[in-house]
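> Mind looking at a prediction? Sequence and model below.
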Amino acid sequence: GAVVSQHPSWVICKSGTSVKIECRSLDFQATTMFWYRQFPKQSLMLMATSNEGSKATYEQGVEKDKFLINHASLTLSTLTVTSAHPEDSSFYICSAIREGGAAFFGQGTRLTVV
Amino acid sequence: DAKTTQPPSMDCAEGRAANLPCNHSTISGNEYVYWYRQIHSQGPQYIIHGLKNNETNEMASLIITEDRKSSTLILPHATLRDTAVYYCIVPPNTGNQFYFGTGTSLTVIP
């Protein structure tokens, strides 16, 4: 079946540094990918829609300069958390829509900012 | 996007069928219903989706009412590994964003 892979699975970084998370669709091409954030005991919150070859579309309240998204190819989207702070610690998840309409999700990236 | 409503939690005995309901009364005629589940600290897993006909795959069955205002996900023989949060989602036709509600936390009891 379809597979979406994220890297890294977990990362610890110092406050003020930037962290890049990769999302790859392994067996299909995805012109659109999505990025989510999930805090403990909460549901997934959509952050942005990543469009191949164009600018990402951010949900209301999500800082586009804080969360940089690049979708340079049909199989890769990246999320960079810039100048990370402890409140950015969260579980970040990406997804991609496969032909047929279903979204497939990565395994998630646990970010801890210390 | 059509809002979905699910009970916050349910229990099910191991080996019995788990029936998870979802209300989506504002669904449009050509919007699909998708079901996902999330096991702790993992990404959501696709289960099944449908438009108006009932659907079945190796994981579950999806029953959609004739007026399409509600649906039920059926896990025919629940196992302990089915313990998870189950999400019913109706993405809009434009944009295909999958917005997650609070889902149903299913606990399968030995």
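Cool, the structure landed. Numbering: from 1, shown residues only, chains lettered A, B, ... in the order given.

> and the residue of chain A found nearest chain B, what does it touch?
Chain B sits closest to A:Phe105 of chain A, with a gap of 3.7 Å, by Cβ to the nearest Cβ. (Each C-beta comes from the backbone N, C-alpha and C, glycine too.) Taking Cβ atoms under 8 Å, 6 or more residues apart in numbering or on different chains, we find A:Phe105 in contact with A:4, A:93-95, B:36, B:43-46.

> filter the residues you listed to the buried ones?
Buried members of the contacts of A:Phe105, counted by 16 or more other Cβ atoms under 10 Å in any protein chain shown: A:4, A:93-95, B:36, B:43-44, B:46.

> Which ones among these map onto strands?
The members of the buried ones among the contacts of A:Phe105 that map onto strands under DSSP state E are A:4, A:93-95, B:36, B:46.

> what about the chain, any weak spots by pLDDT?
Just going to use chain A. Counting by pLDDT under 70, chain A shows low-confidence ranges at A:1-2.

> oops, chain B please
B:1-2.

> switch the cut-off to 90
B:1-3, B:28-30, B:40-41, B:53, B:92-97 (pLDDT under 90).

> Chain A contacts on that one?
Chain B comes close to chain A at residues B:32, B:34, B:36, B:38, B:41-46, B:49, B:87, B:91, B:95-103, as judged by Cβ under 8 Å from any Cβ of the partner chain.

> Mind giving me the ChimeraX command for buried ones among these?
Remark: buried members of those, expressed as a ChimeraX selection using 16+ other Cβ under 10 Å:
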select /B:32,34,36,38,43,44,46,49,87,91,97,98,99,100,101,103
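
> So out of everything in chain B, what residue is nearest chain A?
Closest point on chain B to chain A, by Cβ to the nearest Cβ, is B:Gly43, at 3.7 Å.
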